[in-house]
Structures are given as structure tokens and as C-alpha cells.
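K.L.:
my questions concern the predicted model and sequence given below.
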Amino acid sequence: MAAEISGKPPYFNIDPDRAQSALGAATTTASFEAIAQACKAGRSDLESRGLETTGARSLRRFSTWEITRYLIPVATGHFRRVLKNNPDLPQGLSETEGGAKWFTLDEVLRLRAHFGQEGSKAKEYLPYRPAGQPAKMVAVANFKGGVGKTSTAAHLAMSAALDGYRVLVVDLDSQGSMTSIFGGKVEDEWQTVFPLLARHYAGHQRIENQRRLDRGDPPVPLDDTLSDALEVHSNSLIQETHWPNIDLIGAQLNLYWAEFQIPVWRMSGRGWKLWDALTDTFEADGVLDRYDVIFIDTPPALGYLTINGLAAANILLVPLGASFLEFDSTGRFFDMLHATFGSIEEAENMAARALGQAELNFEWDAVRAVVTRFDGAQQAELAALMQAYLGNTLSPHRQDFTALIGQANEQVQGIYEADYRDFNRETYVRGRETFDATYAAFKQLLIGAWRRDELAAREAAE
């Protein structure tokens, strides 16, 4: 108070005795448990505010206005006539007598399927997915925290679901923020991707053991972890969420153990291609056929889990803010990607050339940096400079920060989960616009990549 009255900064004239008194007792290792338990209790309280009494999250209903404006490209009057002429279709619920009709997303998906079957062929009622092509995997990554990585991945997953795609979200971040957004419950690492990575390594060791037996050498026994992992199927890890067409493989703190275990496996089995673990396992388990798009949320570090996610991805999105520090950090992130994947290619290809085998070349359909939390009044000049240097690598769309984004984040939900009646209509429309534009830019990459694969497959078959 004295410092404020005298006009001096508050860090002048701090009394040592008062500081010592306010310091409290020293913190011990045991103190961390108490802090963690306090956070757990607080988290449960906060979660309960957005949950039903059953303990399960529920997705709100969507009004006729939303459906005809954002979800199904049909005039409102025609939409109502179709419902009237087809009483077997979902009719929605009115909260007041004669009021607007509201529909669950399940009902919206049924209505979209009807329009896709019976409606005009000139309109895109059903999302594009070429027959015979596997799901596209999309990694959202940057090793700088606070750039909107998880938020961007979550909203893209929700956008794709609203568009009619079947979506799987894979959380590789042991902080589990993506898991919380979708209401996932993960007890330990055996409900994460960890057993899939262990299973892939165990499969490699089985092959190596057979080679040893063929040479007359004794096999290396698999420990209990690897033996148990061989029995795990991806389907046993996939959780349903409160979104009817979004499923989840969640994460929790113990998943971080993989960062220590993977290098141990790598040292024991130097021929193990750890970067293929997710792709091979998902392909073997039919996951790439069951879903259309798989979003992978990576940790904010270039560790083994991130390498798995990036190597599995067909499309890589790198969120960053329009600031010097984030631009500089993102440049270093790409430099590390070059060094990491370049070193893997170099090591693998030395052996491949010696054996006359095909060389390893990592390839992505598209890599785009995306500016998030953009303030046009303050950051336009820097964003333009970043665009000039990065060219096509930087998406020309900037994801604006709006009041709706802040409010949605405070409620641990996505913008698309927010009821527009809780906001000013203009605020809601503006908040949706920036994320709808982000999704549109992504969807163009997705469709372009699928189309390229479709034409390549057709050409190969001729």
C-alpha cells in the first residue's frame, strides 16, 4: 500500500519479515499429492456443472434454423415440407407450443441421409469420401504450448462430424485435454494407445524370435506387458462420446510412460520401425475403414508419441499465433522435424540400399501452418509478413479470436456445442464463421488429397 501511495512499483521496499511470514511451510514431495487431490476435486466440481445427473455429457439439440443454415443445404420451407410429407422421418421437438423444432445430431444425420438419397443430385447433402479409400489421418502439432493446438483439433473434429463424417479422435497428450473435451474416462495407460504401440513392438519381436529359432538360437522371451499387449485390439480402446459420430481413444498421465518405454524397446529391437506403429495397427484392426477422418492431438514436444502421430498422419496442421516468438518457435519446430525424420530416413536407407530394398521416404499429402487467436487490429502486419515468407505453407485463413471462443473455452466445450441462445446472435454467427472458415480450408485439403489418391488408384488399375 505504501508503495502505491508513493507511486513506486510494488516490488520496492518488500519487508523481509512479512515476506517470510506469508511464505508458509516448505513444500515436500507429499505436498504434491495434496495439491493433485485438490485439483481433482475441483475438476470434478467443474465438470459436474456441464454434466447431467447421470454423469454423462450430452450434446445439445439443433434448431431448424441451424440445420438449414449450417448443416443441410436446403431452404427452410422445403425442409418443413419434406418433414410433413414423410412422417417416418424425425420430426423434432418443440420446447413451447408451436415453437421452433429442435433435433438431435443423430436425427440430423438421418435427415441428411434422406436428402442424400431423395434430394437434388446437384447439392452436396453427403460429404465427399471416395469409395475404396482409407480414412485420412490428421495430426495437429507444435511443440510450443498455448497456440490453440487442442482447441483447433477438437473444433475440426466437431466440424467434420457436423458435416456428416465418421470421426475418431486420438489423444496422444498425457495431459488429456482432448479427452476431457469429449468426456472420455481413462483409468490407466492400458486404455490409451500405449498397448497398441506395445503390440506392434511385440509383433516385431515375435518375427525376430522366429528368425533366431531358424538360426538355432534361443528366442528372447516377451515380458508380461508385451504378452498382454498382443491380446489388445483397437476396438477395445475406442470410446463412444456424446457426439454420435465422434469416437475417442483417450489419454491420461500414465501415457507419458511410453516416452521412457519406447526407447528401451528400440534399443532391444533396433529393426523395429516404431514410426509405423499407429498406421500398421489401425490398418490391421480395420480402423481406417471404420472412420472417415482420424484427428491426432499430439503432446507439445517432439517425443516418441509425437513422432508416431506425425508419421501416421496424411495431413499435418501446425497452429501458431501471429507473434514473433511463436513464428520463431514454429520455425524451430519445422527444423526439428527435418532433422528427426531426415535422420530416420538416412539410417533406414543405408541398410535398404545395401540390401537392394526400397528406400524409406516420409511423405504427407499436405502440411499447413494455421494462425490462431488472430487479432486483425493488432497482428495484420506481422501475419502478412509471415505469409510472405511461408507462402502456401501458411493457410491464408486466420482463425480470429472472438468473445464466443473465450466463453466456450471457459465451459470446457466446443463452440459447436454451445447453444446460440446463450449468446448474442451476432456474436454466435461471428464466432462460428472463423471456425467454419478454418474447417473449409482443411476440408479443401482433405478432399484434394482423397481425389488425388482416387485418380492415382484409377490410373494404376488401367
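P.N.:
All right, it came through fine. Residues are numbered from 1 along each chain as shown.

K.L.:
where does the stretch 201-350 of the chain dip in pLDDT?
P.N.:
The model of the stretch 201-350 of the chain has no residue with pLDDT under 70.

K.L.:
my read: D297 touches A153, true?
P.N.:
Yes: applying C-beta atoms under 8 Å, one finds D297 in contact with A153, separated by 4.6 Å. To be clear about C-beta, it is placed using only N, CA and C from the backbone, and glycine gets the same treatment.

K.L.:
quick check: neighbours shared by these two?
P.N.:
By C-beta atoms under 8 Å, 6 or more residues apart in numbering, D297 and A153 have these common neighbours: V140, V169, M178.

K.L.:
for the strand or helix carrying the last one, list the C-alpha coordinates in PDB.
P.N.:
Here M178 is covered by helix 177-181, with elements defined by DSSP states H and E. C-alpha atoms of helix 177-181 as PDB (Å, rounded to 0.1, in the frame of the first residue of the first chain):
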ATOM      1  CA  SER A 177      -7.200 -32.100 -22.500                       C
ATOM      2  CA  MET A 178      -8.800 -33.500 -25.700                       C
ATOM      3  CA  THR A 179     -10.100 -36.500 -23.600                       C
ATOM      4  CA  SER A 180     -11.700 -34.100 -21.200                       C
ATOM      5  CA  ILE A 181     -13.400 -32.100 -24.100                       C
END
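
K.L.:
which one of the shared contacts of D297 and A153 has the most neighbours?
P.N.:
With neighbours taken as other C-beta atoms under 10 Å, the top of those is V169, carrying 30 neighbours.

K.L.:
quick check: that residue vs T241, distance?
P.N.:
When distance is defined by C-beta to C-beta, to the nearest Å, V169 is 8 Å away from T241.

K.L.:
would you mind listing the buried residues in stretch 338-353?
P.N.:
Using 16 or more other C-beta atoms under 10 Å as the burial criterion, the residues of stretch 338-353 that qualify are T340, F341, I344, E348.

K.L.:
tell me the spacing between G342 and D453.
P.N.:
Applying C-beta to C-beta to G342 and D453 gives a distance of 25 Å.

K.L.:
what of A141?
P.N.:
With distances taken as C-beta to C-beta, A141 is found 22 Å from D453.

K.L.:
which one's more surrounded, the two?
P.N.:
Of the pair A141 and D453, A141 is the one with more neighbours under other C-beta under 10 Å, namely 25 against 17.

K.L.:
in contact with the more buried one: list those residues for me.
P.N.:
K149, T298, T306, G309, L310, L316, L317, V318, F333.

K.L.:
which one of the residues you listed sits closest to G164?
P.N.:
L317 (20.7 Å; C-beta to C-beta).

K.L.:
I figured F324 hits A383, correct?
P.N.:
No: look at F324 against A383 with C-beta under 8 Å: they stay out of range, at 11.7 Å.

K.L.:
these two: which has the busier surroundings?
P.N.:
Counted by other C-beta under 10 Å, F324 and A383 do not tie: A383 has more neighbours, with 21 against 11.

K.L.:
would you agree that one is in contact with R398?
P.N.:
Yes: between A383 and R398 there is a contact at 6.0 Å, judged by C-beta under 8 Å.

K.L.:
overlap in contacts of those two?
P.N.:
Applying C-beta under 8 Å, 6+ apart, one finds that A383 and R398 are jointly contacted by A322, V371, F374.

K.L.:
quick one: the helices in the stretch 101-250 of the chain?
P.N.:
105-118, 149-162, 177-181, 194-215, 224-229 (DSSP state H, counting those that start in this stretch).

K.L.:
so which residues make contact with the third one?
P.N.:
Pointing back at helix 177-181 there. By C-beta under 8 Å, 6+ apart, helix 177-181 touches 47, 150, 153-154, 169, 171, 186, 248, 250-252, 297, 412-414.

K.L.:
mind giving me the ChimeraX select for those residues, buried ones only?
P.N.:
The following ChimeraX line selects those of the contacts of helix 177-181 that are buried, judged by 16+ other C-beta under 10 Å:
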select :150,153,154,169,171,186,248,250,251,252,297,412,413,414
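
K.L.:
so what does the longest helix along the chain touch, helix or strand wise?
P.N.:
Identified as the longest helix of the chain according to DSSP state H is helix 425-461. Packing contacts for helix 425-461, counted by 3 or more C-beta pairs under 8 Å, 6 or more residues apart in numbering; DSSP states H and E, involve strand 136-140, helix 149-162, strand 315-320, strand 366-374, strand 394-400, helix 403-410.

K.L.:
and the ones you listed, which is most packed in?
P.N.:
Mean neighbour count (mean count of other C-beta atoms under 10 Å) peaks for strand 136-140 among those, with a mean of 27.

K.L.:
circling back to that earlier point, in TSV, list the buried residues of stretch 338-353 along with distance to S120 and secondary structure.
P.N.:
Output for the buried residues of stretch 338-353, formatted as TSV (distance: C-beta to C-beta, whole Å; DSSP: H, G, I helix; E, B strand; the rest coil):
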residue	distance to S120	secondary structure
T340	49	helix
F341	46	helix
I344	49	helix
E348	51	helix
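
K.L.:
which one of these is nearest to W65?
P.N.:
For the buried residues of stretch 338-353, the nearest to W65 is F341 (46.9 Å; C-beta to C-beta).

K.L.:
picking up where we left off before, now for V169 and T241: what residues contact both?
P.N.:
With C-beta under 8 Å, 6+ apart as the test, V169 and T241 both reach F182, D247, L248.
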